[in-house]
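J.: requesting a structural model of the entry that follows:
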Amino acid sequence: MTCGPDETPLPVRVTRPTPFLDRLPPPAQPLPRWRIDLSPPDITPWRAGNCGIPGVMHYEARRPGPHIVCVSLIHGNEFSGAIVLDRLLRARIRPRSGRLSFIFANPEAMDLFDPRDPVRARCVDEDMNRVWSTATLDSARSAHELDRARVLLPVILTADRLLDLHSMLWPGDPLVLSGLATAGRQMAQRIGGITTAVADQGHRSGCRLIDHPRFSDEGPAAACLLEAGQHWHESTVSRAMQAVMSLIGPCCGLPVPAPAASVPQRDMVVTDVVTARTGAFRFVAPFRGGQVLPARGTLVAHDGRDEIRTPYDRCMLVMPNLRPARGHTAVRFARAVSSPA
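T.: Numbers count the residues shown, from 1 in each chain. This is a model prediction of the structure:
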């Protein structure tokens with residue numbers, strides 16, 4: 001491959017002619033056996049909610065202040081955030097200023113959790129983190145996650161700061177994701193306990209909660225998505241608690257623990273999203289999220305006969321999916337920026 005000037009990114013995908021038979025998906029590879037140290041929390045006391053919306057616990061202080069919203073269970077098998085919110089509710093955490101809402105978004109999906117098939121409980125009908133565009137919410141279509149998003153929408157539309165709590169299937173460095181709007185990127189820099197902030201343009205397959213127009217337009221409201229670590233690890237719960245405390249501590253009059261006070265040391269922006277075009281997408285090594293490949297042009301994966309290579313030096317791999325299905329995101333490439341936009 002011929003390289004251009006140092007500042008010119010190389011092509012991410014090097015396309016090779018692929019015979020028709022090679023485009024057919026190979027037999028599905030079995031997923032590895034996951035280490036599961038956690039069980040879903042008992043959120044029975046919070047399922048009915050306290051504000052007329054099931055699964056939403058809402059509290060208001062007498063003094064004015066922002067409305068802070070923490071969301072868990074957008075994906076039912078990612079329940080570390082629900083453990084955090086359950087612990088805080090049982091500790092009777094309340095705001096001293098402003099409003100505070102804790103959301104258990106999709107408990108019905110969590111109810112499906114089975115440690116023998118832990119990925120199955122991600123959703124009931126569809127990915128709840130792809131339904132938040134205005135067009136989808138206003139459509140006539142009905143599905144469990146979409147209907148539930150419509151029920152939660154009144155809370156979302158009044159949020160000033162929203163933190164969406166997630167975890168990761170594959171190994172990787174914890175990170176805070178935001179859209180490209182200024183307020184979201186600035187919020188990501190203030191989430192404690194996480195050293196990497198990543199800004200991106202969202203997913204082509206649907207609109208994430210943090211990309212709802214409430215947060216993606218250049219206004220004061222901001223939202224971030226926390227990837228606190230791998231699913232089902234106690235360390236992921238601890239990290240999610242640090243992040244939540246860094247957000248709600250000031251409004252609740254709580255001291256922010258020292259580890260949670262640290263701010264991101266890496267400010268990254270996604271430049272390329274690699275989608276698997278075949279069922280034969282394979283990484284050349286078991287990369288982990290947050291790994292930085294020093295030289296541009298480094299071979300990362302094969303997609304059928306195509307080669308996937310890094311477009312520039314010091315390219316960070318964002319949440320590589322080591323078993324991507326055809327049409328799904330396999331990896332995102334990101335580079336450092338000097339400061340939030």
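J.: what pLDDT, on average, does the one helix or strand Leu317 maps to get?
T.: Using DSSP states H and E, Leu317 sits within strand 315-318. Confidence for strand 315-318, expressed as mean pLDDT, is 98.
J.: which residues in the stretch 51-200 of the chain form strands?
T.: Ranges of strands within the stretch 51-200 of the chain are 56-60, 63-72, 97-104, 161-168, 175-178, 196-199, based on DSSP state E, counting those that start in this stretch.
J.: any idea which helix or strand comes after the strand holding Leu317?
T.: If you walk from strand 315-318 toward the C-terminus, the next helix or strand you reach (DSSP H and E) is strand 329-336.
J.: tell me which residues in that following strand are buried?
T.: Counting neighbours by 16 or more other C-beta atoms under 10 Å, one finds that the buried residues in strand 329-336 are Thr329, Ala330, Val331, Arg332, Phe333, Ala334, Arg335. No exception for glycine: its C-beta is placed from N, CA and C like everyone else's.
J.: picking that back up, contact partners of the strand holding Leu317?
T.: Counting by C-beta atoms under 8 Å, 6 or more residues apart in numbering, the neighbours of strand 315-318 from elsewhere in the structure are 175, 198, 200, 266, 268, 270, 287-293, 296, 298, 300, 331-336.
J.: give me the buried subset of the residues you listed.
T.: Neighbour counting with 16+ other C-beta under 10 Å marks 175, 198, 200, 266, 268, 270, 287, 289-290, 293, 296, 300, 331-335 as buried within the contacts of strand 315-318.
J.: the most centrally placed residue in the chain: what secondary structure?
T.: Central residue of the chain (C-alpha atoms, centre = their mean): Leu225, 4.7 Å from the mean position. Judged by DSSP: H, G, I helix; E, B strand; the rest coil, the three-state class of Leu225 is strand.
J.: so what's it up against?
T.: Leu225 makes contact with Leu163, Asp164, His166, Val176, Leu177, Ser178, Arg208, Leu209, Ile210, according to C-beta under 8 Å, 6+ apart.
J.: now with 6 Å?
T.: Remark: with contacts taken as C-beta atoms under 6 Å, 6 or more residues apart in numbering, Leu225 is in contact with Asp164, His166, Leu177, Ile210.
J.: Gly76: which of those is nearest?
T.: Nearest to Gly76 among these, counting by C-beta to C-beta, is His166 at 11.6 Å.
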